[in-house]
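Visitor: sharing a model that was predicted from the sequence below.
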Amino acid sequence: LEKAGEDFLKLEKFVNLNFTGFHKILKKHDRRLPNPCKAFYMARLREQSWVRGDYSDVIVILSRAFGALRGDDEPEAKETEKQAFVRSTRKYWVHTEDISRVKYIILQHLPVFLQKTMAGETDSQLVNSVYLDNILMELYQGRLDKSPGAIALRFRWYGTGTPELVFVERKTHRDSWTGEVSVKERFTINESQVLSLLNNTFNIELEKQKLVKKGKSEEEINEWYQLVQEIYQAINSKQLIPTLRTQYMRTAFQIPFDASVRISLDTNLCMITERTKEQMNGTRWYRDPSKPVPSNEITRLPYAVLEVKLQLLGEDDTPQWVTELINSGMLIEIHKFSKFIHGSAVLFADEVHAMPYWIDDATLAASIRQSGAGDILINSHDKSSANTLYKQLLPHNEQGERKSLYRKSVNNIKSIPQSTTSYQNSVITNEDTGEIGYYAGHENVCVSQWCEWASAMNADHVTIQKVEPKLFFANERTFMKW
């Protein structure tokens, strides 16, 4: 089975290589010869089955085969005793050429989580989310600053075609250092009720009576009522309107009713502005799909987004295969990446007051310029840019090349050598300047020559550990006190 999986990855790479080769040959032909033919042949090439197919059925079959070998069963949902879990969520960028391999690695350990709304056997489904904000981009700024209690409101639906069932979702940020966790709450409404929710004509009492007739418990009804009231009040008080839509294909990996390890992979990610004439007139709450989208109202992320959610009893319980995947070099960690924040920063650059740090990454420049937002690339390099001080957060250098990240592992650090030599041997004279001091002018030489135990670890790729800002400042205060 593993050989079949590797053969599939080789075949896909072979297909992609041939497609790129035909494209380059035709492009050079049109540049050197008077009779252009690239457009004609590329149109025919895209109609070929080996180009149009996404091989999602192969992913599903491999997932089921590995599940059968593992002996996966489908446990029933059951109430478990509350325990103190360590919850963590990390987000990564994945290059398009690595998507299938990342999927293959994950499905060897977790089954593809198929949704009932999916048509046929496929490993992914289309997800649309319309985010709300006001003309001041208040919700954007709160989410960017990670303000305690900052919310994000969105309307989400799954599958292709016209939405029927819409999820109204609210995400609330909580600082993890306080012991609280960020929460996501939601309820469902019909598509025809979305405009009434936005226009202050939604009949909450009538919907409450419907829940009573369905036999819902009093606790469920009260929780629903409180959530709807709070969202309803936020929309009206903050004058929220549909602002941005995110659209992508999501592949989810999870053992049913087991939340210890959940992984999602979002591909073909694009963000579209929803501030249209129809929306301003109150006749539509999402863009008319039959009308083309101008290039300055859409932006595409040149990466897939992988999200790893862990809910474990301790940090040491992280599965070994998850650690190996993170350190494989195929994942680029982007701390606190947000589709809503990225799309708003690019498409509403004139209305936002601050930019996320990853905007300055060189590999995003082409997609940002295609959206007509090239000015933010110039303005982000002035003195007020945070990235002039925190360039280490960016995964690529100014030439777009991947940075080499190294992290010392406690297990790989050798014990400090016990030497009878006097500490005066650590005092080195700089022959060029005559300066005398500890490792004066020889910082790099010292690490490799004098301090073998502190030598850099040879690794292809490791991730930088992030520290919560308030924890960092607390440590700094303790240091200054001492």
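Guide: Structure's in. What do you need?

Visitor: tell me where the stretch 151-300 of the chain has helices.
Guide: For the stretch 151-300 of the chain, the helices defined by DSSP state H, counting those that start in this stretch occupy 194-198, 204-213, 218-237, 277-281.

Visitor: low-confidence ranges, the chain, go.
Guide: 73-87, 115-121, 179, 313-316, 379-392, 399, 404-466 (pLDDT under 70).

Visitor: what's the longest helix in it?
Guide: Using DSSP state H, we find that the single longest helix of the chain is helix 2-32.

Visitor: tell me the angle the helix or strand following it makes with helix 2-32.
Guide: Sequence-wise, the next helix or strand downstream of helix 2-32 (DSSP states H and E) is helix 38-46. Relative orientation of helix 38-46 and helix 2-32, computed by axes from the mean of the first three to the mean of the last three C-alpha atoms, to 10 degrees: 160 degrees.

Visitor: which parts of the stretch 201-350 of the chain are strands?
Guide: Here the stretch 201-350 of the chain has its strands, by DSSP state E, counting those that start in this stretch, at 241-253, 261-273, 298-300, 304-312, 331-333.

Visitor: save the ones you listed as CSV, and put in distance to Glu324 and mean neighbour count too.
Guide: Every C-beta, even on glycine, is put in place using the N, C-alpha and C of the backbone. Output for these, formatted as CSV (distance: least, C-beta to C-beta, whole Å; neighbours: other C-beta atoms under 10 Å):
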stretch, distance to Glu324, mean neighbour count
strand 241-253, 15, 21
strand 261-273, 13, 20
strand 298-300, 30, 19
strand 304-312, 13, 19
strand 331-333, 11, 21
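
Visitor: mind putting the ones you listed into JSON lines with distance to Trp358?
Guide: JSON lines is the format used below for those (distance: least, C-beta to C-beta, whole Å):
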{"stretch": "strand 241-253", "distance to Trp358": "16"}
{"stretch": "strand 261-273", "distance to Trp358": "14"}
{"stretch": "strand 298-300", "distance to Trp358": "13"}
{"stretch": "strand 304-312", "distance to Trp358": "12"}
{"stretch": "strand 331-333", "distance to Trp358": "10"}
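
Visitor: ok now the longest helix of the chain, how far from the chain's centre?
Guide: Centroid separation between helix 2-32 and its chain, computed with C-alpha atoms, centre = their mean, to the nearest Å, is 28 Å.

Visitor: in it, what's buried?
Guide: Across helix 2-32, burial judged by 16 or more other C-beta atoms under 10 Å covers Gly5, Phe8, Glu12, Phe19, Leu26.

Visitor: winner for burial among the helices of the stretch 151-300 of the chain?
Guide: Here the criterion is mean neighbour count by mean count of other C-beta atoms under 10 Å, and of the helices of the stretch 151-300 of the chain the winner is helix 194-198, at a mean of 17.

Visitor: what is that helix packed up against?
Guide: helix 218-237 (3 or more C-beta pairs under 8 Å, 6 or more residues apart in numbering; DSSP states H and E).

Visitor: 10 Å instead?
Guide: strand 151-158, strand 165-172, helix 218-237, strand 241-253 (3 or more C-beta pairs under 10 Å, 6 or more residues apart in numbering; DSSP states H and E).

Visitor: out of the ones you listed, nearest to Ile334?
Guide: strand 241-253 (15.5 Å; C-beta to C-beta).

Visitor: out of the strands of the stretch 201-350 of the chain, the one nearest Asp30 is which?
Guide: Among the strands of the stretch 201-350 of the chain, if distance is taken as C-beta to C-beta, the winner is strand 298-300, at 25.0 Å.

Visitor: neighbouring contacts of the closest one?
Guide: By C-beta atoms under 10 Å, 6 or more residues apart in numbering, the list of residues contacting strand 298-300 from outside reads 245, 247, 268-273, 292, 342-343, 345-347, 364, 366-368, 370-373.

Visitor: kindly report the same for stretch 189-205.
Guide: For stretch 189-205, contacts defined as C-beta under 10 Å, 6+ apart pick out 130, 132, 155, 157, 162-168, 207, 209, 224-225, 228-229, 231-232, 235-236, 240-242, 279, 282-286.

Visitor: only alpha carbons, please: show that stretch as PDB.
Guide: The C-alpha trace of stretch 189-205 is given here as PDB (Å, rounded to 0.1, in the frame of the first residue of the first chain):
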ATOM      1  CA  ILE A 189     -30.700  29.900   9.700                       C
ATOM      2  CA  ASN A 190     -32.200  29.600   6.200                       C
ATOM      3  CA  GLU A 191     -30.600  31.600   3.400                       C
ATOM      4  CA  SER A 192     -33.800  33.700   3.100                       C
ATOM      5  CA  GLN A 193     -33.400  34.800   6.700                       C
ATOM      6  CA  VAL A 194     -29.900  36.300   6.400                       C
ATOM      7  CA  LEU A 195     -31.100  39.700   5.000                       C
ATOM      8  CA  SER A 196     -33.700  40.000   7.800                       C
ATOM      9  CA  LEU A 197     -30.900  39.400  10.300                       C
ATOM     10  CA  LEU A 198     -28.800  42.200   8.700                       C
ATOM     11  CA  ASN A 199     -31.800  44.600   8.300                       C
ATOM     12  CA  ASN A 200     -33.000  44.400  11.900                       C
ATOM     13  CA  THR A 201     -36.200  42.500  10.900                       C
ATOM     14  CA  PHE A 202     -35.300  39.000  12.200                       C
ATOM     15  CA  ASN A 203     -38.100  37.600  14.400                       C
ATOM     16  CA  ILE A 204     -36.300  36.000  17.300                       C
ATOM     17  CA  GLU A 205     -39.400  35.100  19.200                       C
END
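
Visitor: list the contacts of the nearest residue to Leu211 once chain neighbours are set aside.
Guide: Spatial nearest neighbour of Leu211, chain neighbours left out: Ile221 (5.2 Å); criterion: C-beta to C-beta, 6 or more residues apart in numbering. Contacts for Ile221 (C-beta under 10 Å, 6+ apart) come out as Lys208, Gln209, Leu211, Val212, Lys214.

Visitor: how close does Ile221 sit to Leu227?
Guide: 11 Å (C-beta to C-beta, to the nearest Å).
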